[in-house]
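Undergrad: Next comes the sequence, and after it the predicted model I'd like to discuss.
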Amino acid sequence: MESVYNLPNGDRLRVIDTATVGQSLGRILELYRNGATEPVFFGDESRPEGVVISFDQWAEYETLKEEAEAEQLRYDLARQRIANDDPSKWVSFEEMMEEYGLDPDGEGLEPKNRDDKP
């Protein structure tokens, strides 16, 4: 049995009943081996409760999830540091570049060309 499930964003999913998906796993695997990438949504009572995806898709999603978690950690750390910092001690970008002897107009973080070097 197959039904349609409407997502809040207006997209529609085809939902296959659990028993049919269970019997069709071999065929789904063949489709993935032949290049199909569509996920298979399944559940009972016309509501998606699970999804079958290829291993390659899972690996890609897992990598994206790890990257998003790392980015969130950096974001949270930066916000914590800013919240606990004294703004009167902040320096401008230009002051920081000058302090470290870097050229703000350079291609990368290259030291300034200094005339006083031999």
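TA: Received, thanks.

Undergrad: domains for the chain, by residue range?
TA: The chain breaks down into these domains under automatic domain parsing: 1-53, 54-105.

Undergrad: Buried deepest among those, which one?
TA: domain 1-53 (a mean of 13; mean count of other Cβ atoms under 10 Å). In this view, the C-beta of every residue, glycine as well, is placed from N, C-alpha and C.

Undergrad: mean confidence for that one?
TA: For domain 1-53, the mean pLDDT works out to 94.

Undergrad: just stretch 87-101 next, same as before
TA: 85.

Undergrad: From the chain's centroid, how far away is it?
TA: In terms of Cα atoms, centre = their mean, to the nearest Å, the centre of stretch 87-101 is found 32 Å from the chain centre.

Undergrad: now do the same end-to-end measure for that stretch.
TA: For stretch 87-101, the first-to-last residue distance is 23 Å (Cα to Cα, to the nearest Å).

Undergrad: what does stretch 85-99 give?
TA: 20 Å.

Undergrad: hmm, who's touching that stretch?
TA: Here stretch 85-99 makes contact (Cβ atoms under 8 Å, 6 or more residues apart in numbering) with 103-104.
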